[in-house]
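*Asks:* Here is the input, now give the coordinates:
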Amino acid sequence: MGSVSGDMCYVWQCYRVPQYNQLLQENELYRKLSAYINSLASVEDSDFANLVTGSRSNDVVLSLDPNQTVFDSYLGARVAWTNVVGESDGRRCFVLRIRKKDKRRILRPYLQHILAKYEEFERELKLYINCESRRLSDGRWRSVPFTHQATMETVAMDSDLKSKVKSDLELFLKSKQYYQRLGRVWKRSYLLHGAPGTGKSSFVAAMAKLLCYDVYDVDLSQVSDDADLKLLLLQTTPRSLILIEDLDRFLIDKSTTVSLPGVLNFMDGVLSCCGEERVMVFTMNSPDQIDPTVLRPGRIDVHVQFGLCDFSSFKMLADSHLGIKEHRLFPQVEEIFQTGASLCPAEIGEIMTSNRNSATRALKSVINALQTNTANKIRLTQSSSGRSTEESAEPGGVICRESVHTVREFRKLYGLLRRSGRKEEPLDLGSTDKDAPRNGS
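*Replies:* Numbers count the residues shown, from 1 in each chain. Below is the predicted model of the structure:
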């Protein structure tokens, strides 16, 4: 009580540090202050404090409860921080109280001290997701700790390609003055495209870990219109990775509320220049059906294609999932890959995870899966070859009847022909000519 009553004898100067500014952009100083204040020993002495789990499951972290005050000292001066939460709108801010006689002497050095302390903390990356604007009045983004374990070392992909992308990212981090000299915004954009399960999302996590950037995951289904998409971009912070996954699905779907011009402005419009040291990443299954204006240089700086697993990627998966660099079954696996068999890295990784207690069993399961994949490819190729041979029977053409009958018998063997008089059901292979068996009869 003595210290509180003593504080009342002084004239205080107050400063507010809001969580968001007038444009609803996150105030970085607020985030750094939050980490610093919660690290103070005096938090334990406040009337109320929250006990929460830290970044590690066995860590317990203290955080200041709303509308509580803690004290700090710097260069012999006493200061107070209050965590204020508005009752009506829920807006948050920290209020600094400092004696007026100490203001000029310590204010700026004290703030620099806080920023320097923040840099010493082990920075926890965050994953931001956008929420519906109707529900929240204090910003569109909500964050959770970004704990994805993928790194550049653990991602299974072509080694040369990975090294090139890694070098490009590292060069980007050192290029602030270069971009300023060019008169360009310090940002870079990447397109990751490939079939599902080829590792695009894991590579995004690895990029964020390498850069030490927070991730803003833009969910276009939660965006009401083009203006709303601009607002989301405006509320992101520097030193961040902005991600839109499955962009091709939204561009092809004409019913989406975001237009093509809206997406283009998001990628390289005027607002994309409001903030530096950003990396934009877009993922697609295939860019073939996408308007070329989306993919032009300037909007997309680097194209990265993710293919199916090859033997080099397989060895990386075996090392990360099974802890083995060599095995007597590796030559057999390599031989199967050379025949053209392949699976996506996610499929092979899951097989290894399911059999991780026995490396030999895991590799045998991978071999069986690859062999099944090869057999399916041969079956589909021969089936397709039989249909195309029958369908291309034109006057003057030469048809090898023996090969036609061989394919027909192969199809009967696998139940692809139905009993005479029944309508044949099409194979799930895109488009299939249902009349092919009748033409050849």
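*Asks:* Show me what secondary structure element comes after the host helix or strand of residue 31.
*Replies:* Residue 31 belongs to helix 28-38 when elements are defined using DSSP states H and E. Scanning forward in sequence from helix 28-38 by DSSP H and E, the next helix or strand is strand 49-53.
*Asks:* Check which strands are paired with that following strand and give the direction for each one.
*Replies:* strand 60-64 (antiparallel) (DSSP bridges).
*Asks:* quick one, the strand it pairs with and helix 28-38 angle?
*Replies:* Angle of strand 60-64 versus helix 28-38, following axes from the mean of the first three to the mean of the last three CA atoms, to 10 degrees, is 120 degrees.
*Asks:* Could you list the residues in contact with strand 60-64?
*Replies:* 37-38, 43-44, 46, 49-54, 70, 81, 83 (CB atoms under 8 Å, 6 or more residues apart in numbering). Quick note: C-beta positions are derived from backbone N, CA and C, even for glycine.
*Asks:* returning to that earlier point: what does the helix holding residue 31 contact?
*Replies:* By CB under 8 Å, 6+ apart, helix 28-38 touches 17-19, 43, 61-64, 70, 72, 81, 83, 92-94, 114-115, 117-118, 121, 237-238.
*Asks:* Buried members of those into ChimeraX, please.
*Replies:* Per 16 or more other CB atoms under 10 Å, the buried members of the contacts of helix 28-38 correspond to this ChimeraX selection:
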select :17,18,19,43,62,64,70,72,81,83,92,93,94,114,118,237
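*Asks:* Just the ones in strands from the contacts of helix 28-38, please.
*Replies:* Among the contacts of helix 28-38, DSSP state E puts 17-18, 61-64, 70, 72, 81, 83, 92-94 in strands.
*Asks:* ok, the residue nearest to residue 359 when sequence neighbours are not counted - contacts?
*Replies:* Excluding its sequence neighbours, the residue lying closest to residue 359 (CB to CB, 6 or more residues apart in numbering) is residue 322, at 4.7 Å. With contact taken as CB under 8 Å, 6+ apart, residue 322 is in contact with 352, 356, 359, 362, 363.
*Asks:* repeat that for 7 Å
*Replies:* When contacts are counted by CB atoms under 7 Å, 6 or more residues apart in numbering, residue 322 touches 352, 356, 359, 362.
*Asks:* Model confidence at it, what's the number?
*Replies:* Here, the pLDDT recorded for residue 322 equals 92.
*Asks:* likewise residue 376?
*Replies:* 69.
*Asks:* Could you write me a ChimeraX select line covering just the buried ones among the contacts of strand 60-64?
*Replies:* In ChimeraX, this line selects whichever of the contacts of strand 60-64 come out buried by 16+ other CB under 10 Å:
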select :37,38,43,46,49,70,81,83
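*Asks:* so where do the strands sit in this protein?
*Replies:* 12-18, 49-53, 60-64, 69-74, 77-85, 92-99, 126-130, 141-145, 187-194, 214-217, 240-244, 278-284, 302-306.
*Asks:* Turn those strands into a markdown table, columns for distance to residue 260.
*Replies:* As requested, these are exported to a markdown table (distance: least, CB to CB, whole Å):
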| stretch | distance to residue 260 |
| --- | --- |
| strand 12-18 | 36 |
| strand 49-53 | 43 |
| strand 60-64 | 44 |
| strand 69-74 | 51 |
| strand 77-85 | 41 |
| strand 92-99 | 37 |
| strand 126-130 | 20 |
| strand 141-145 | 24 |
| strand 187-194 | 16 |
| strand 214-217 | 21 |
| strand 240-244 | 13 |
| strand 278-284 | 14 |
| strand 302-306 | 19 |
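*Asks:* want to try CSV for those strands, with mean pLDDT and distance to residue 373 as columns?
*Replies:* Shown next, in CSV, are the strands of the chain (pLDDT from 0 to 100; distance: least, CB to CB, whole Å):
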stretch, mean pLDDT, distance to residue 373
strand 12-18, 92, 57
strand 49-53, 79, 43
strand 60-64, 81, 48
strand 69-74, 93, 61
strand 77-85, 92, 57
strand 92-99, 93, 54
strand 126-130, 92, 34
strand 141-145, 85, 37
strand 187-194, 94, 17
strand 214-217, 95, 32
strand 240-244, 95, 31
strand 278-284, 95, 24
strand 302-306, 94, 18
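*Asks:* Name the residues of the helix holding residue 31 that come out as buried.
*Replies:* Going by neighbour count (16+ other CB under 10 Å), the buried part of helix 28-38 is 29, 30, 31, 32, 33, 34, 36, 37, 38.
*Asks:* which one of those sits closest to residue 290?
*Replies:* residue 31 (36.0 Å; CB to CB).
*Asks:* The residue nearest the centre of the chain: what's it in contact with?
*Replies:* Among the residues of the chain, the one closest to the centroid is residue 204, at 4.4 Å (CA atoms, centre = their mean). If a contact means CB under 7 Å, 6+ apart, then residue 204 has 243, 281 as its contacts.
*Asks:* Give me the pLDDT for it.
*Replies:* pLDDT, read off for residue 204, is 96.
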